[in-house]
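*Asks:* Curious how this folds, go ahead:
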Amino acid sequence: MDRIHHDGVLIVGAGLAGLSAALAAAPRKVLLLSGAPLNAGCSSAWAQGGMAAALSAGDAPDL
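*Replies:* Below is the predicted model of the structure:
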């Protein structure tokens, strides 16, 4: 097995959080480990957030 010596920041995951952490670490060296290509295989597309509210009489927060 080959070994890599890295004296910078190690980030595991290449979703939005991982890429944001890499940008925040600049200008330090960053090693980003991902099991999938960048922006693939992550949950970033599903984690868009937002707020839910009951806006009409027939609506409820439970829904």
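*Asks:* Show me where this protein has its helices.
*Replies:* Here the chain has its helices, by DSSP state H, at 16-25.
*Asks:* Excluding chain neighbours, what is closest to G18?
*Replies:* I11 (5.0 Å; C-beta to C-beta, 6 or more residues apart in numbering). (Each C-beta comes from the backbone N, C-alpha and C, glycine too.)
*Asks:* Report the separation between that neighbour and A60.
*Replies:* Separation of I11 from A60 (C-beta to C-beta, to the nearest Å): 41 Å.
*Asks:* quick one: contacts of stretch 55-63?
*Replies:* 52-54 (C-beta atoms under 8 Å, 6 or more residues apart in numbering).
*Asks:* Please say which of I11 and A60 ends up with more neighbours.
*Replies:* Higher neighbour count among I11 and A60: I11, with 19 against 8, using other C-beta atoms under 10 Å.
*Asks:* Was I right to think the more buried one contacts A22?
*Replies:* Yes. The pair I11 and A22 passes the contact test of C-beta atoms under 8 Å, sitting 5.6 Å apart.
*Asks:* Report the set of residues contacting both of those two.
*Replies:* 30, 32.
*Asks:* Throw the contacts of stretch 55-63 into JSON lines and include distance to H6 and neighbour count, thanks.
*Replies:* Putting these into JSON lines (distance: C-beta to C-beta, whole Å; neighbours: other C-beta atoms under 10 Å) gives the following:
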{"residue": "A52", "distance to H6": "42", "neighbour count": "8"}
{"residue": "A53", "distance to H6": "46", "neighbour count": "6"}
{"residue": "A54", "distance to H6": "50", "neighbour count": "11"}
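*Asks:* What about those, which are in strands?
*Replies:* With strands taken from DSSP state E, there is no overlap with the contacts of stretch 55-63.
*Asks:* Would you tell me which one of the residues you listed comes nearest to G18?
*Replies:* A52 (27.0 Å; C-beta to C-beta).
*Asks:* Looking at the closest one now. What's its pLDDT?
*Replies:* A52 is assigned a pLDDT of 70 by the prediction.
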